[in-house]
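**Student:** A structural model of the following input is requested.
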Amino acid sequence: MALTDSATLFCKLAEALTSKSFSNGNEAFEAIERATTRRLKSSKTMILILDEIDTLLKNNGIESDLCRLFELAHRDSNSFILIGIANQVDFTERHLPMLKQRLPEYSPRVIIFEPYKHQTIEHILTDRLGGQATASKMVSTHGISFLARKIASTTGDIRLAVDTCRRVLQHKLDHADKENGSEDAELGRPLPLTDMLRIIKHALESKSALVIRSLPRNLQMILFASTRLLIVTANRAAENGREATPLFSVDELYTSYCEASKDAGVFKPLSVRDFRTALDTLGEEGLIAEAELRKHLIKLLFSTSELLQSFRKDPFFSRLV
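**Tutor:** Numbers count the residues shown, from 1 in each chain. Model prediction:
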């Protein structure tokens, strides 16, 4: 079920445990406590799985209510299990400092699921296409490998890989329809590697442009500042005969962001604290690498040319490019 606030969540959980309706969040939570108390003969075990738990917190500011759930899960007196799925591995330390105050001797167990490796992505795509023998008749196997490596080197998002593969197949079907009489023969031939590379490149660029356009202006400004910083770093490295590094520090980016904001006429840029929160959001959107961000480093997951292309089409940024 999709829920937007903790009161509704508590009411739904209490209703599931007691078969009674609730309208007050606090009363509902007390009912959950009673229903899961081990010493009662009528005690029940509840397993609660909360997906996108960090998004729920960000949108509603329900830190104290989430802490109540974590606290309930750590009580020996209650049979309550909480599984939270978040985009950040340090979610509880960063967003729930109250939890440490309430339960100084306990901490949630953290299980980290690494992004998909290219071998896994390639295997999933091949399987979705009907196996190796069937897939090789529809598309270039080298193209599938390229797509898998491209996705693995950026976000590792299997949904993006599957969606891009779908676009490749749609192109093949559209091309076969245009050939009319030779449709069967056309479908029997794998899509050439050159066609696949072109479609993959266009699909991934379209995805990045769509994400960037949907971002708030402050986040766009951070990405714009990052492209400036990368260009300056690359030019400086070229002058010294060195290879440019794709990494730079959070502090360097903040300085570049403040300068870009000033050039754009922004009266008051983000504070350092809000800037760091904005970087977390960019990491969640798959635009910067979260692993490097935890080391206070910035690594863009899209090329400078892709970002510049998006900014050139934006009237606000086009004058600054």
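**Student:** Which neighbouring elements make contact with the helix or strand harbouring A225?
**Tutor:** According to DSSP states H and E, A225 maps onto helix 217-239. If contacts are counted by 3 or more Cβ pairs under 8 Å, 6 or more residues apart in numbering; DSSP states H and E, helix 217-239 sits against strand 247-249, helix 250-264, helix 272-284, helix 304-312, helix 315-318. (C-beta placed from N, C-alpha, C; glycine too.)
**Student:** State the mean pLDDT of the second one.
**Tutor:** So that's helix 250-264. Helix 250-264 carries an average pLDDT of 92.
**Student:** tell me the angle of it relative to helix 217-239?
**Tutor:** 110 degrees (axes from the mean of the first three to the mean of the last three Cα atoms, to 10 degrees).
**Student:** between helix 250-264 and helix 272-284, how many degrees?
**Tutor:** Calculated by the same axes, to 10 degrees, helix 250-264 forms an angle of 100 degrees with helix 272-284.
**Student:** angle of the helix holding A225 against helix 304-312?
**Tutor:** Interaxial angle of helix 217-239 relative to helix 304-312 (the same axes, to 10 degrees): 140 degrees.
**Student:** can you pull the buried residues of helix 217-239?
**Tutor:** Of the residues in helix 217-239, 218-230, 233 count as buried by neighbour count, 16 or more other Cβ atoms under 10 Å.
**Student:** which residues sit against it?
**Tutor:** With Cβ atoms under 8 Å, 6 or more residues apart in numbering as the test, helix 217-239 has contacts from 212, 215, 243-246, 248, 252-253, 256-257, 259-261, 264, 266, 269-270, 275, 278-279, 281-282, 287-288, 298, 300, 304, 307-308, 311, 314, 316-317, 320.
**Student:** Now with 6 Å, please.
**Tutor:** Residues outside helix 217-239 that contact it (Cβ atoms under 6 Å, 6 or more residues apart in numbering): 244, 248, 253, 256-257, 260-261, 270, 278, 300, 304, 307-308, 311, 317.
**Student:** Is it correct that R189 falls within a helix?
**Tutor:** No: counting by DSSP: H, G, I helix; E, B strand; the rest coil, R189 is located in no helix; its state is coil.
**Student:** per-residue confidence at it?
**Tutor:** So R189 comes in at 78 (pLDDT).
**Student:** State the distance from it to D195.
**Tutor:** Applying Cβ to Cβ, to the nearest Å, the value for R189 to D195 is 11 Å.
**Student:** And these two? Which one has more around it.
**Tutor:** Counted by other Cβ atoms under 10 Å, R189 and D195 do not tie: D195 has more neighbours, with 17 against 12.
**Student:** Quick check: closest non-adjacent residue to that one.
**Tutor:** H171 (7.0 Å; Cβ to Cβ, 6 or more residues apart in numbering).
**Student:** Could you verify my assumption that that neighbour touches I199?
**Tutor:** Yes: proximity of H171 to I199 meets the contact threshold set by Cβ atoms under 6 Å, at 5.5 Å.
**Student:** Between these two, which is the more surrounded one?
**Tutor:** Set H171 next to I199 and count neighbours by other Cβ under 10 Å: I199 wins out with 22 against 18.
**Student:** does that one really touch K172, like I thought?
**Tutor:** No: using Cβ under 6 Å, I199 makes no contact with K172, being 9.4 Å away.
**Student:** per-residue confidence at E71?
**Tutor:** Confidence at E71, expressed as pLDDT, is 90.
**Student:** That one: neighbour count?
**Tutor:** Residues lying near E71 (other Cβ under 10 Å) number 17.
**Student:** repeat for R159
**Tutor:** 9.
**Student:** Give me the distance from the host helix or strand of it to the chain's centre.
**Tutor:** Per DSSP H and E, R159 falls inside helix 158-179. Centroid displacement of helix 158-179 relative to its chain, using Cα atoms, centre = their mean, to the nearest Å, is 24 Å.
**Student:** Equivalent analysis for stretch 135-142, please.
**Tutor:** 29 Å.
**Student:** Which parts of that stretch count as buried, going by neighbours?
**Tutor:** Those would be A135, M138, V139, S140, for stretch 135-142 by 16+ other Cβ under 10 Å.
**Student:** show me what contacts L301?
**Tutor:** L301 touches T154, T155, L287, A289, counting by Cβ under 6 Å, 6+ apart.
**Student:** hmm, back to that, closest to I124 out of the helices and strands packed on helix 217-239?
**Tutor:** helix 272-284 (22.4 Å; Cβ to Cβ).
**Student:** Using pLDDT, spot the least trustworthy of the buried residues of helix 217-239.
**Tutor:** Lowest pLDDT within the buried residues of helix 217-239 is found at T233 (80).
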